[in-house]
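Enquirer: need a 3D model of the sequence below.
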Amino acid sequence: MTTLAFASILIMSAMGYFIGRRRSLAIVNGERYRLHSRPVYHGAFVALWIGIPTTLFVLLWLLFQYSVIDSLLIGSMSADLTEGRSGEQVQLILNEVKSIAAGNFFNIPSPEIQDLANTYNALVAKFRWMLVASAIVIAAAILLFTLSRISDSFRARQGVEKVLDGVMIGCSLIAILTTLGIVVSLVVESLRFFSKVPFYEFLFGLNWEPQIPIREGQVAAEGAFGAIPVFTGTLLIAGISLLVAVPIGLLAAIYLTQYAKSRLRAFIKPLLEFLAGVPTVVYGFFAVLVVAPAMKEWGAGIGLDIAPNSAIAAGAVMGIMLIPFVSSLSDDAISAVPQSLTDSSLGLGATKGETILNILLPAALPGIIGGILLAASRAIGETMIVVMAAGLIATLTLNPFEAVTTVTVQIVTLLIGDTAFDNPKTLSAFALGLLLFIVTLFLNVIALRIVQKYREKYD
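Expert: This next block holds a predicted model:
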């Protein structure tokens with residue numbers, strides 16, 4: 001029914017466009033010059049005023065629909081089911097009813113629970129049809145209202161522009177509020193964590209073992225929440241991946257823009273960017289089945305003890321994955337440098353290599369730094385390759401031949417299985433996320449300062 005509601009909005013909007021356009025022409029008997037705005041703007045005005053408010057209504061309906069249904073269902077429960085039960089117990093009964101309504105049950109439910117499941121299905125179906133009917137009624141009402149506004153002096157173009165301005169402002173506000181929501185949620189949950197674990201222990205501790213009991217009767221260790229080993233592993237793997245990706249990606253971009261022929265460039269560039277579309281789990285398999293055993297065998301041949309899961313295996317494969325991020329943005333940045341600069345340098349007697357080193361790279365530095373920064377952010381946030389190739393153990397080491405873990409892997413590990421959001425083990429994931437957010441922000445500030453300091457300005 002949700003699809004039907006949105007399809008109805010789309011059809012009504014299309015109808016509004018054609019009806020509004022025809023009405024504007026009918027008012028002036030087809031003499032377009034008498035209209036303040038072109039007929040297409042009258043049609044667009046009607047279509048936008050139908051589509052946007054009705055879509056917002058449907059989204060709000062879907063947001064609160066199931067909360068209202070749950071309240072009605074709880075209100076219809078008999079006193080035998082609700083009397084003397086806590087809110088959590090009533091919620092468990094409600095979840096059971098929903099499972100039975102969906103057909104997911106193993107034992108035959110009681111008649112009362114079955115009746116509630118039937119009632120739930122009936123309410124859901126009723127609310128869905130009500131949604132479609134309400135959307136059509138609202139769209140029809142807006143259609144009649146907007147058609148009444150159309151006249152030869154109506155400023156439809158300004159109306160369309162105001163609507164589009166409002167849409168763009170709304171999208172900007174959504175982006176800002178989403179960012180604020182992420183930051184607030186991280187800060188609030190992190191403060192709860194730091195009320196249970198000292199801040200200095202988390203920030204300067206050298207041992208990360210968050211396995212503590214999260215429910216009564218569970219056997220686990222006491223727990224240690226020193227984040228330094230986790231962030232050391234993150235930076236180690238990210239550093240190795242950048243050591244692989246940055247030189248290869250930058251040199252590939254220079255070759256493709258300055259040396260490769262057009263036919264060769266047209267073949268190599270898409271092939272290189274294809275690496276960005278390979279799923280990370282495939283890279284993980286490649287790291288586990290090919291790279292890690294090859295490195296272990298190579299290490300044994302020269303007397304090095306390389307662990308089966310190692311930072312260098314994960315970092316090397318991650319570096320291969322990041323090559324397109326560096327090469328593509330560097331390619332675009334180098335190509336954007338004015339050709340007159342290159343021609344002037346060559347005309348003054350500089351070699352092609354000197355021109356690239358002294359003219360092209362300084363001029364393209366902002367774009368190159370942007371590509372490297374994007375690759376670094378991607379490396380810090382990668383999870384699957386690290387899980388499969390580097391391991392889960394938080395080891396405080398800078399040795400790339402040992403097993404390490406990263407912040408994102410630990411966050412995933414902490415938030416799976418039994419989760420209780422009043423326990424230090426689970427809350428530590430938010431503290432890790434907040435610290436990772438701060439570190440990434442700090443790296444962004446450093447990158448901006450570097451760009452501002454070394455950027456070349458040309459007329």
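
Enquirer: walk me through the domains of the chain.
Expert: 2-153, 155-195, 224-454 (automatic domain parsing).

Enquirer: for stretch 13-33, buried residues please.
Expert: Buried residues in stretch 13-33, counted by 16 or more other CB atoms under 10 Å: Ser13, Met15, Gly16, Tyr17, Ile19, Gly20, Arg21, Arg23, Ser24, Leu25, Ile27. Backbone N, C-alpha and C define where each C-beta goes, glycine included.

Enquirer: again, but for stretch 260-277
Expert: Result for stretch 260-277 [16+ other CB under 10 Å]: buried residues Ala260, Lys269, Leu272.

Enquirer: can you list contacts of it?
Expert: Taking contacts as CB atoms under 8 Å, 6 or more residues apart in numbering, the residues outside stretch 260-277 that touch it are Ala252, Leu256, Ile320, Met321, Ile323, Pro324, Phe325, Ser327, Ser328, Asp331.

Enquirer: and if you look at stretch 138-150?
Expert: For stretch 138-150, using CB under 8 Å, 6+ apart, the contacting residues are 8-9, 12-13, 15-16, 19-20, 23-24, 27, 42, 45-46, 49-50, 53-54, 57, 156.

Enquirer: what do you get if the cut-off is 6 Å, keeping everything else the same?
Expert: Met12, Gly16, Arg23, Ser24, His42, Val46, Trp49, Ile50, Thr54, Phe57 (CB atoms under 6 Å, 6 or more residues apart in numbering).

Enquirer: helix, strand or coil: sort out the closest residue to the second one other than its chain neighbours for me.
Expert: Same thing as Gly16. Distance criterion CB to CB, 6 or more residues apart in numbering; nearest residue to Gly16, sequence neighbours excluded, is Val46 at 3.9 Å. Under DSSP: H, G, I helix; E, B strand; the rest coil, Val46 falls in the helix class.

Enquirer: tell me the spacing between Val46 and Ala133.
Expert: 21 Å (CB to CB, to the nearest Å).

Enquirer: farthest pair in the contacts of stretch 260-277?
Expert: Leu256 and Met321 (18.9 Å; CB to CB).

Enquirer: the two: which has the busier surroundings?
Expert: Met321 (24 against 21; other CB atoms under 10 Å).

Enquirer: what is the subsequent helix or strand relative to the worst-scoring helix or strand of the chain on mean pLDDT?
Expert: None of the helices or strands of the chain scores lower by mean pLDDT, DSSP states H and E than helix 79-82, at a mean of 69. Going down the chain from helix 79-82, the next helix or strand is helix 87-101, by DSSP states H and E.

Enquirer: any buried residues in the helix or strand following that following helix, and which?
Expert: As assigned by DSSP H and E, the chain's next helix or strand after helix 87-101 is helix 111-149. Using 16+ other CB under 10 Å as the test for burial, helix 111-149 gives 113, 116-117, 119-120, 123-124, 127-128, 131-132, 135-136, 138-139, 142-143, 146.

Enquirer: with stretch 275-285 instead?
Expert: So for stretch 275-285, counting by 16+ other CB under 10 Å, buried means Thr280, Tyr283, Gly284, Phe285.

Enquirer: now the end-to-end length of that stretch.
Expert: 15 Å (CA to CA, to the nearest Å).

Enquirer: now Leu35: how far from Tyr17?
Expert: From Leu35 to Tyr17 the distance is 16 Å (CB to CB).

Enquirer: need the pLDDT of the closest residue to Gln65 other than its chain neighbours.
Expert: Distance criterion CB to CB, 6+ apart; nearest residue to Gln65, sequence neighbours excluded, is Phe127 at 5.5 Å. Looking at Phe127, its pLDDT stands at 88.

Enquirer: any idea how far Thr119 is from Phe127?
Expert: 12 Å.

Enquirer: same deal with Ala350?
Expert: For Ala350 relative to Thr119 (CB to CB), the value is 82 Å.

Enquirer: same thing with Ser99?
Expert: 15 Å.

Enquirer: one more: Gln65?
Expert: Taking CB to CB, one finds Gln65 at 16 Å from Thr119.

Enquirer: now Ile254
Expert: Remark: distance between Ile254 and Thr119 (CB to CB) = 69 Å.

Enquirer: what's the neighbour count on Tyr259?
Expert: Count around Tyr259 with other CB under 10 Å applied: 11.

Enquirer: next: Val188.
Expert: Count around Val188 with other CB under 10 Å applied: 11.

Enquirer: for Phe325, same thing?
Expert: 25.

Enquirer: now it: which helix or strand?
Expert: Assessed by DSSP H and E, Phe325 sits inside helix 311-335.

Enquirer: other residues contacting that helix?
Expert: Residues contacting helix 311-335 (CB under 6 Å, 6+ apart): 236-237, 240-241, 244-246, 248-250, 252-253, 256-257, 272-273, 275-276, 283, 287, 291-292, 295, 360, 364, 367-368, 370-371, 374-375, 378-379, 382, 385-386, 389-390, 400, 404.

Enquirer: tell me which helix or strand comes right after it.
Expert: helix 339-347.

Enquirer: now for the helix or strand just after that following helix, which elements pack on it?
Expert: Counting by DSSP H and E, the next helix or strand C-terminal to helix 339-347 is helix 352-355. The helices and strands touching helix 352-355, judged by 3 or more CB pairs under 6 Å, 6 or more residues apart in numbering; DSSP states H and E, are helix 339-347.

Enquirer: residues of the helix it packs on that come out buried?
Expert: Residues of helix 339-347 classed as buried by neighbour count (16+ other CB under 10 Å): Thr342, Ser345.

Enquirer: now stretch 440-449
Expert: In stretch 440-449, counting by 16+ other CB under 10 Å, buried: Ala447.

Enquirer: sorry, back to before: the buried residues of stretch 275-285 in helices, which ones?
Expert: Among the buried residues of stretch 275-285, the members found in helices (DSSP state H) are Thr280, Tyr283, Gly284, Phe285.

Enquirer: pLDDT weak spots in the protein?
Expert: For the chain, applying pLDDT under 70 flags the ranges 1, 80-82, 84-85, 87, 105-107, 212-223, 417-421, 451, 454-459.
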